[in-house]
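A.B. asks: what would the 3D arrangement of this be:
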Amino acid sequence: MEALIGAAQAPADVIKDSDQARFATDVLEASKKQPVLVDFWAPWCGPCKQLTPALEKVVKAAGCKVKLVKINVDQNKELAQQLRIQSIPVVYGFRDGRPVDGFVGAQPESQIRAFVERLLGAGAHVDEDPIDAALAEAKAALEARDAGTATAIYGQILAHDPKNAKAIAGLARARAIAGDAAQARKYIDAVPKESANDPDVAAARSAVELAEKGKAAAGKTGELEARLASDPADHQARFDLAMAKYAQ
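C.D. replies: Numbers count the residues shown, from 1 in each chain. Model prediction:
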C-alpha cells in the first residue's frame, strides 16, 4: 500500500492557468506534443467548483501523458466568444493543434477518466488515484471491523494529505470500533466543516455517537438486565443495554 500512496506526482506544469494571450502557446502548440484538456470556468459557477478538482485529480493520475489548462471565461470573454462557449463548465480536448472532443457540465471522476483515455488514444489507461485506492482499502478494513489495519492505512493517507476529510473521519470510525470513544471524538471534531455533509463523515459521526452512548451505558449492564427482567417492555433499557454491549 505504501507504493500506491507514494506514487510519483505529475510535474507542476502539467496543470496551469492560462489566458487569451498565451492560448496559442499553452494549448495549440502544446497539443502538438501531447493532448491538452482546456477547462473553461468562472468563480461564480457552482458546477465548476466540483469539476475542476476532479479534472486535476485525473490529470495528475495520468502523469505526463496529458496537460490541463484552465481558462477563466470572465477574464477572457473574447476567447470564449471565439470558441463559442455558451455555458460552463465546458471542457475541450485538443490534439495536434485543434479540438477533437469535449463535454459540458460536471462529470463524475470515472467519466472524466474515460474521456482522457479516449483523448490519449487506443489502449491508453489512466490509473485510479492512489489516495482513492488506499481509501477504498481502508474502508474495506472498517467494514470487516479491522480497526488496526484501517488505522494504519488512514495514517499513511494523512501523511501525504493531512487535510483529507475521509481519512480523518475513517480514523474516527476505526477508534470507535476499537472502543476508544474519546479519541474517536477528537478525530471527528477535527474534520473540516466544509466536509460535514460527506457520506463517509456522516457515517463516522454516527459511529462515534454510538460508541459514546455505549461507553456511558457500559457500567450499567447488570442494572439494565435487571430492569429488562422485571419489565420486558422497558424499551429504553433494551436500547441502553444494546449500546452497552456495542461498546464491549
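A.B. asks: what about the longest helix in the chain?
C.D. replies: The single longest helix within the chain, with elements called by DSSP state H, is helix 199-218.
A.B. asks: now that one: average pLDDT?
C.D. replies: The average of the pLDDT scores along helix 199-218 is 79.
A.B. asks: which strands or helices does that helix pack on?
C.D. replies: Secondary-structure packing of helix 199-218 (3 or more C-beta pairs under 8 Å, 6 or more residues apart in numbering; DSSP states H and E): helix 165-177, helix 181-189, helix 235-247. The way it works is simple: take the backbone N, C-alpha and C, and place the C-beta from them, glycine included.
A.B. asks: mean pLDDT for those: which is lowest?
C.D. replies: Here the lowest mean pLDDT among the helices and strands packed on helix 199-218 goes to helix 235-247, at a mean of 62.
A.B. asks: and the longest helix of the chain with helix 165-177, angle?
C.D. replies: Helix 199-218 and helix 165-177 are oriented at 20 degrees to each other (axes from the mean of the first three to the mean of the last three C-alpha atoms, to 10 degrees).
A.B. asks: helix 199-218 to helix 181-189, inter-axis angle?
C.D. replies: Counting by the same axes, to 10 degrees, helix 199-218 points 160 degrees away from the direction of helix 181-189.
A.B. asks: just the C-alphas of helix 199-218, formatted as CSV.
C.D. replies: Extracted in CSV, the C-alpha atoms of helix 199-218 (Å, rounded to 0.1, in the frame of the first residue of the first chain):
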residue,chain,number,x,y,z
PRO,A,199,-21.4,10.5,3.5
ASP,A,200,-18.3,9.0,5.0
VAL,A,201,-18.1,11.8,7.5
ALA,A,202,-21.7,11.4,8.4
ALA,A,203,-21.3,7.6,8.9
ALA,A,204,-18.2,8.2,11.1
ARG,A,205,-20.1,10.8,13.2
SER,A,206,-22.9,8.2,13.8
ALA,A,207,-20.4,5.6,14.8
VAL,A,208,-18.7,7.9,17.2
GLU,A,209,-22.1,8.9,18.8
LEU,A,210,-23.0,5.2,19.2
ALA,A,211,-19.6,4.5,20.8
GLU,A,212,-20.1,7.3,23.2
LYS,A,213,-23.6,6.2,24.2
GLY,A,214,-22.3,2.6,24.6
LYS,A,215,-19.4,3.7,26.8
ALA,A,216,-21.8,5.7,29.0
ALA,A,217,-24.0,2.7,29.4
ALA,A,218,-21.2,0.1,29.7
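A.B. asks: chain center to it: distance?
C.D. replies: Here the centre of helix 199-218 is set off from its chain's centre by 22 Å, with C-alpha atoms, centre = their mean, to the nearest Å.
A.B. asks: same check, this time on stretch 55-71
C.D. replies: For stretch 55-71, the distance to the chain centre is 16 Å (C-alpha atoms, centre = their mean).
A.B. asks: ok, residues contacting that stretch?
C.D. replies: Applying C-beta atoms under 8 Å, 6 or more residues apart in numbering, the set of residues contacting stretch 55-71 from outside is 8-11, 13-19, 23, 26-27, 30, 34-41, 52, 79-80, 91, 109, 112-113, 116, 119-120, 124, 126-130, 132.
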